[in-house]
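A.B. asks: next come a sequence and a model predicted from it.
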Amino acid sequence: MATMNMLQAINNALDTAMATDDRVVCFGEDVGSFGGVFRATSHLQERYGKARCFNTPLVEQGIVGFANGLAAQGAIPVAEIQFADYIFPAFDQIVSETAKFRYRSGNLFNVGGLTIRAPYGGGISGGLYHSQSPEAYFTHTPGLKVVVPRDPHQAKGLLLAAIRDANPVLFFEPKRLYRASTGEVSEADYQLPLGSADVLKTGDDITLVGWGAQMTMIEAAVEFAEEQGISCEIIDLRTLMPWDVATVVESVVKTGRLVVTHEAPLTGGFAGEIAATIQERCFLYLESPIARVTGLDTPFPLTLEKEYMPDQWKLFEAIKASIEF
Amino acid sequence: MATMNMLQAINNALDTAMATDDRVVCFGEDVGSFGGVFRATSHLQERYGKARCFNTPLVEQGIVGFANGLAAQGAIPVAEIQFADYIFPAFDQIVSETAKFRYRSGNLFNVGGLTIRAPYGGGISGGLYHSQSPEAYFTHTPGLKVVVPRDPHQAKGLLLAAIRDANPVLFFEPKRLYRASTGEVSEADYQLPLGSADVLKTGDDITLVGWGAQMTMIEAAVEFAEEQGISCEIIDLRTLMPWDVATVVESVVKTGRLVVTHEAPLTGGFAGEIAATIQERCFLYLESPIARVTGLDTPFPLTLEKEYMPDQWKLFEAIKASIEF
Amino acid sequence: MSSTKTPTIVHELALLDGDEYRLPTFALLDPQGMLYPGVESPLLDYDKARRIYRAMLFTRVLDERMMAAQRQGRLSFYLQCTGEEAAVIGATAALDDGDMIMAQYREQGALAYRGFSTDAFMNQLFGNDRDCDKGRQMPIHYGSAELHYMTISSPVATQIPQAAGYAYGQKLANDGHCTITFFGEGAASEGDFHAALNMATVHQVPVIFFCRNNGYAISTPAVEQYAADGVAPRAFGYKMHVIRVDGNDVLAVHEATREARRLAVEQHHPVLIEAMTYRLAAHSSSDDPSGYRSRKEEEAWREKDPIRRMKRWLIDLSWWSEDEESEWLETYRHDVLESMKRAEKRPPPPLETLITDVYDEVTPRLTEQLESLEAHIRRYPENYPRGARALGIDVPDERGEG
Amino acid sequence: MSSTKTPTIVHELALLDGDEYRLPTFALLDPQGMLYPGVESPLLDYDKARRIYRAMLFTRVLDERMMAAQRQGRLSFYLQCTGEEAAVIGATAALDDGDMIMAQYREQGALAYRGFSTDAFMNQLFGNDRDCDKGRQMPIHYGSAELHYMTISSPVATQIPQAAGYAYGQKLANDGHCTITFFGEGAASEGDFHAALNMATVHQVPVIFFCRNNGYAISTPAVEQYAADGVAPRAFGYKMHVIRVDGNDVLAVHEATREARRLAVEQHHPVLIEAMTYRLAAHSSSDDPSGYRSRKEEEAWREKDPIRRMKRWLIDLSWWSEDEESEWLETYRHDVLESMKRAEKRPPPPLETLITDVYDEVTPRLTEQLESLEAHIRRYPENYPRGARALGIDVPDERGEG
Ligand SMILES: Cc1ncc(C[n+]2csc(CCOP(=O)(O)OP(=O)(O)O)c2C)c(N)n1
Ligand SMILES: Cc1ncc(C[n+]2csc(CCOP(=O)(O)OP(=O)(O)O)c2C)c(N)n1
Ligand SMILES: [Mg+2]
Ligand SMILES: [Mg+2]
């Protein structure tokens, strides 16, 4: 065990993946000798050579297009998109190609080896284009897996699982926590399961569902709520696509109340999918409307970022409103 | 009044828009002298000249990038994307640029003049890449308007409103109905309102919400249901972003039951947003879970397309299940 | 520093537009099918020449028959290679059969050359239970792992950067193979083209970018697609090796591709080949070219038919005869018709193919969706004749849709 | 047919790689700031030369002061033009002030030249209630409708096809204006670059594509960005006029851009200019270049500082003096500091700016969201000091966050 921040845990996962399988190749803008603008790929070029860790030209559609082909060939590409905000030039390659490669070819070909990493989220004074949470653009795309870790231990275990999963995975890293989140991380080679949610805390009165950096907001809000005698169950979805419906259903059947949170705008966000599914499956158990605590239906702002963010106080208010409904 | 099919109505709307405002410019792949692969832009080059109606090179990101700049300059571009399935290479220009132009510039600049037209949807033996309904990728994007017409009269009135609206509009045309849907269309210059749903039929027992080609499925299903004595209210959302929450809420408060339908896959589809919103606003009025009748969580198939489609029989079953809940 | 080379400095203002850098076209066979003076023969050996020619003939027959079938309503869609057989097959023949082909959609000739069976073609075209795509894609979206032919994807140009990535994998694996990607001059306008060529030169991958410049992208003529003299000069922007070739001259195409392959495999130099050709048929069965080009133009190109040209060369070498031609044409026509009949009659793919291969394993949610669909079809079997048939339920014949 | 020109036919196989088509660099001032032999002076008139030089000086001062402020924690982010002032300002000065500028982010010099006030810079940098972006974008994302300077957008290269579209609008309006778009050699790798250059030549629009080739895209050196001799040879692929210019030579840049503008406006010929320069500072305040390049390399380029070169030329003409220089530097430093103090103290933008300008009119749902946010802030004002302040609620001072 070692104390690592999330970047170190990610770097360690990449290192482990490259050491254990020489088909693993890491690339993206500035990921080569420099080690990435956040330094997630530090020392990898040094250790594994230029052929397996390299800079690409500044062209996201090329990065993912190249990665798709490389994965189809049988290699295991781990492509970095410098910010999740810059994943959109690669959208066609991801949505039209990555997601549909296996299905359309009747399983003759697949890009299952592919993992795309991208830092996402707000809270770093990044304004419109360094703060977005684009997960819901991908959770509507069958064929992709979408994974978001909440802390260093999760980041390493989930990233290793993502790289080794037989399906293409989008791995969104909460950059607000890159250095802020630290914890004990095993130096061993371990994986955490994809497709399965993590119940962080059990409780009876209300269920809180989130992922990534929002878990810190949920935990803070739950502290307030428990002080008021509200017993909360906390679920980290971890994998958004395909998501663990059963765990959330089981929890809401017990608590009768649900709050879902994400940073992305409300309309069309993934909380809507969760609410729609849960109201259907738990209709007779729900004691109050499912609440969504999210970003506003606007682009991401700068000066008033704090006001925009779905934080612990907004979550706490939503918990109270749900309980008092 | 004249009898027109949907393509003729769209062509007539474009003609009207170009005749009444010489800032209107139409372009896209094959839209020039050929008039588009579906012939929606027939004769426009002849009438308004090559400078105002022209072919572009085969590059969707260029088409929308060019259109964004042209709109910022003050012109009124109507860009065609040949199939909605091919809108993804332009995703960055739409989501990062079109949608955020006004907001990020503090309203110093805007691309409000822009309209992007694209044929969408299945039922034409088009397989994966000539059948998709990508509306939910855009309804999660504040700053865009998303409009889908259901018949020729609606198509003309909504398209003229979209072109003249001060915001960028994505106009998705149900290509299955291009020739199949005919009706009386006024030759006059008229507009139908954006942002407002259309209650096609009032009823007491259950509300059905859809848009575009799904309205024909809803109408057929409602026929079966009414034969069984179930009184249905039908709402065509028409504008998906920003959508008319009030009209749907009002209806569900009355009926207590809601079925939403779209062709796109279930997970992350726009029906989820509607269900999430309505369960929140109508919690105490709902007599059964909100049902979603949609495509499967897979890419769009070919041979088994009929099986995949959310058709009138699936809708009818959902209506019955809701009533019998 | 931006470059290791120091460019010359000048003090006179002069803007260039590249017009001075006109690329010539490499050709060996003249439009009549005679070798240009000074060209030595034979450039292909007997076996390979006949393999190429037969693949060209087969492709022509397949296209004629299937377009006719489409017109009769037996097939929902079709798209011909007609006029471009020399470009596609000549290039394929210059490769090792283990090299990867990532094509656009008009390259059925490459499959024919590599031995994709008539039944394999038909099963895909009819989307039946033996379709390589399991009934998921439109006709002409062939694929074969065995023949190293990547399954076709409709969005154009996406395969171009993928080819660079695939080839990079081949280089890492050091397996002596390269990748060729075919695309139209229209597809070359997509952003993916630029990404691919740039990445391929920066990372020095063994890939051949083969542009079939057939003059049109659906209705859009090449003069509205780009302002330059073709696609080839773009190579200069990436410092990529390039050659322009007469795409209706199978010998020149073969020779150019052979040399490109050598550069790719031996030196990891990517190469751009621009084959100047012409789409003699409509864009697809959905298209009618009379709306955008003249009969006269078509006729002029029909004179340069690549099959006729190769035939003349073969006959001059006594490697082929009119009799053989008739026999093979007959055989191919018969094969295609018989195979079509078989394919039409085969059942649709099983219902579960609706949800398999989305992921490597079926997810719980997909299983639920399939179960509820099955239950639904059992309630309304007559509305889902194919689904019902797939479930083993006896229902009246399907009404023609397709 | 693919081209109106008939290319020559050859029968010898030869693959070109464009290396023979090396583009020279246009320069007028030598690295010391002396005119090259044979170049006639003056090339700029007195007033314009001084306007350019003062904008360069101001930009340098602004950059120094604001980077220092960022280091002190007064500002969240900053990004310098340092080293590239001649390229940006020389080009801007060759335009009409009514021509549209669509820049990447490192072109504050263009705004300085056009008269963007120090306060306007500061208000944007501090995202206060007078920020042109209404506090929505990171520092350095300036914009001015009045000065025809499109608001900066972070995703690189998106502005390049937009510039082609904007210029097409100018051509339709026949207003005698053109558009210039600035971008880095890194941004030129994006698909949008290819789309833009191709569409601009096909549709013949009055646009100048101005590439600042400063050798790096963050840490990525140009040799890992492309394999060719710079960005300029790509023009040949589109049959676009092109010139490569010494980007640290303000006279050459001005001259090249002046001629490009003439071609654009008078003949609707788009032009690509590649200015060879160097980013003397870090990529941005978040970057430390010592991780990827040597001091020695930086020093070599510091010797070619564009401001020093122009100054020498001006002084030789007696159009400038050391005294004037000191005075102006003093004035600019003072201006920037005073203006910064004012900007820092200004209130944040009103709360409603969170929801305005998403659409031309605020939607009902956004109104609801704002109302509920307001109510929330009134419940917890101390947690939202800016929001509370915007609502007129008195709360303790903010704790330093950016
Ligand atoms: C991304 C994308 N945009 C548009 C289309 C529609 N489309 C299909 S083929 C075609 C023209 C392609 O022309 P070209 O690349 O020259 O190939 P050719 O058909 O001439 O062989 C177009 C526009 C598509 N398939 N994919
Ligand atoms: C689409 C996109 N991808 C990545 C980034 C992150 N990024 C910001 S600046 C930059 C490098 C740009 O280099 P260049 O175009 O050469 O401009 P320079 O900074 O040298 O002026 C990168 C990769 C971005 N802003 N947008
Ligand atoms: Mg073509
Ligand atoms: Mg640069």
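C.D. replies: Arrived safely. Ligands and ions are numbered 1, 2, ... in the order given.

A.B. asks: contacts only, for residue C:133.
C.D. replies: The contact partners of residue C:133, taken as C-beta atoms under 8 Å, 6 or more residues apart in numbering or on different chains, are A:104-106, B:302, C:124, C:127, C:141, C:143, C:151. All C-beta spots, glycine's among them, are computed from the backbone N, C-alpha and C.

A.B. asks: what do you get for residue A:122?
C.D. replies: A:131-133, A:176, A:263, A:295, A:300, A:305, A:308-309.

A.B. asks: list phi and psi for the residue lying closest to it once chain neighbours are set aside.
C.D. replies: Excluding its sequence neighbours, the residue lying closest to residue A:122 (C-beta to C-beta, 6 or more residues apart in numbering or on different chains) is residue A:131, at 3.8 Å. Per-residue torsions, residue A:131: phi -140, psi -10 (degrees, to the nearest 10).

A.B. asks: wait, residue A:131 touches residue A:124, no?
C.D. replies: Yes - taking contacts as C-beta atoms under 8 Å, residue A:131 lies within contact range of residue A:124: 7.0 Å.

A.B. asks: between the two, which has more neighbouring residues?
C.D. replies: residue A:131 (28 against 17; other C-beta atoms under 10 Å in any protein chain shown).

A.B. asks: now do the more buried one against chain B, distance only.
C.D. replies: 12 Å (C-beta to the nearest C-beta, to the nearest Å).

A.B. asks: got the confidence number for that residue?
C.D. replies: If you check residue A:131, the pLDDT there is 98.

A.B. asks: ok, it - contacts?
C.D. replies: Residue A:131 touches A:85, A:121-124, A:263, A:300, A:305, counting by C-beta under 8 Å, 6+ apart.

A.B. asks: can you do 10 Å?
C.D. replies: Counting by C-beta atoms under 10 Å, 6 or more residues apart in numbering or on different chains, residue A:131 touches A:83-85, A:120-125, A:175-176, A:263, A:295, A:299-302, A:305, A:308-309, D:138.

A.B. asks: what does residue A:127 give?
C.D. replies: Taking C-beta under 10 Å, 6+ apart as the test, what residue A:127 contacts is A:85, A:299-303, A:305, B:104, D:76-77, D:127, D:133, D:135-139, D:141, D:154.

A.B. asks: kindly recompute the last result at 8 Å.
C.D. replies: A:300-302, A:305, D:136-138, D:141, D:154.

A.B. asks: what strand or helix carries residue 138?
C.D. replies: Using chain A here. helix A:135-139 (DSSP states H and E).

A.B. asks: oops, chain C please
C.D. replies: Counting by DSSP H and E, residue C:138 is part of no helix or strand.

A.B. asks: next, format the contacts of residue A:122 as TSV and append distance to residue B:98 and secondary structure.
C.D. replies: Formatted as TSV, those follow (distance: C-beta to C-beta, whole Å; DSSP: H, G, I helix; E, B strand; the rest coil):
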residue	distance to residue B:98	secondary structure
A:131	19	coil
A:132	15	coil
A:133	20	coil
A:176	28	helix
A:263	22	strand
A:295	19	strand
A:300	16	coil
A:305	23	helix
A:308	21	helix
A:309	25	coil
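
A.B. asks: of the residues you listed, closest to ligand 3?
C.D. replies: Nearest to ligand 3 out of the contacts of residue A:122 is residue A:132 (C-beta to the ion; 37.3 Å).

A.B. asks: so how far is stretch A:208-225 from its chain's centroid?
C.D. replies: 15 Å (C-alpha atoms, centre = their mean, to the nearest Å).

A.B. asks: so it, near chain D or not?
C.D. replies: No - against chain D, stretch A:208-225 shows no contacts by C-beta under 8 Å from any C-beta of the partner chain, the least distance being 11.1 Å.

A.B. asks: quick one: mean pLDDT for that stretch?
C.D. replies: Here the average pLDDT along stretch A:208-225 is 98.

A.B. asks: can I get it as PDB, trimmed to CA atoms?
C.D. replies: The C-alpha coordinates for stretch A:208-225 follow below in PDB (Å, rounded to 0.1, in the frame of the first residue of the first chain):
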ATOM      1  CA  LEU A 208     -28.300   9.100  -3.000                       C
ATOM      2  CA  VAL A 209     -26.900   8.200  -6.400                       C
ATOM      3  CA  GLY A 210     -23.900   9.800  -8.100                       C
ATOM      4  CA  TRP A 211     -20.500   9.200  -9.600                       C
ATOM      5  CA  GLY A 212     -17.100  10.700  -9.800                       C
ATOM      6  CA  ALA A 213     -16.500  14.100  -8.100                       C
ATOM      7  CA  GLN A 214     -20.100  14.300  -7.100                       C
ATOM      8  CA  MET A 215     -19.500  11.600  -4.500                       C
ATOM      9  CA  THR A 216     -17.600  14.200  -2.400                       C
ATOM     10  CA  MET A 217     -20.600  16.500  -2.600                       C
ATOM     11  CA  ILE A 218     -22.900  13.600  -1.600                       C
ATOM     12  CA  GLU A 219     -20.800  12.600   1.300                       C
ATOM     13  CA  ALA A 220     -20.800  16.200   2.700                       C
ATOM     14  CA  ALA A 221     -24.500  16.500   2.200                       C
ATOM     15  CA  VAL A 222     -25.100  13.200   3.900                       C
ATOM     16  CA  GLU A 223     -23.100  14.500   6.900                       C
ATOM     17  CA  PHE A 224     -25.600  17.400   7.300                       C
ATOM     18  CA  ALA A 225     -28.500  15.100   6.800                       C
END
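
A.B. asks: show me how chain A divides into domains.
C.D. replies: Following automatic domain parsing, chain A resolves into domains at A:2-185, A:198-324.

A.B. asks: can you give me the neighbour number for residue 220?
C.D. replies: Picking chain A for this. For residue A:220, using other C-beta under 10 Å, the count is 15.

A.B. asks: that's the wrong chain, I meant chain C
C.D. replies: There are 24 residues near residue C:220, going by other C-beta under 10 Å.

A.B. asks: cool, and residue C:334?
C.D. replies: 12.

A.B. asks: so where do the strands sit in chain C?
C.D. replies: C:9-10, C:25-26, C:100-102, C:179-184, C:207-213, C:216-217, C:220-221, C:241-246, C:271-276 (DSSP state E).

A.B. asks: now do the fourth one: which elements does it pack against?
C.D. replies: Read it as strand C:179-184. Helices and strands touching strand C:179-184, by 3 or more C-beta pairs under 8 Å, 6 or more residues apart in numbering or on different chains; DSSP states H and E, are helix C:85-93, strand C:100-102, helix C:159-173, strand C:207-213.

A.B. asks: so what touches that strand?
C.D. replies: Outside strand C:179-184, the residues touching it (C-beta under 8 Å, 6+ apart) are A:69, C:88, C:91-92, C:95, C:99-104, C:106-107, C:110, C:156-157, C:159-160, C:162-164, C:166-167, C:170, C:193, C:196, C:206-214, C:217, C:257.
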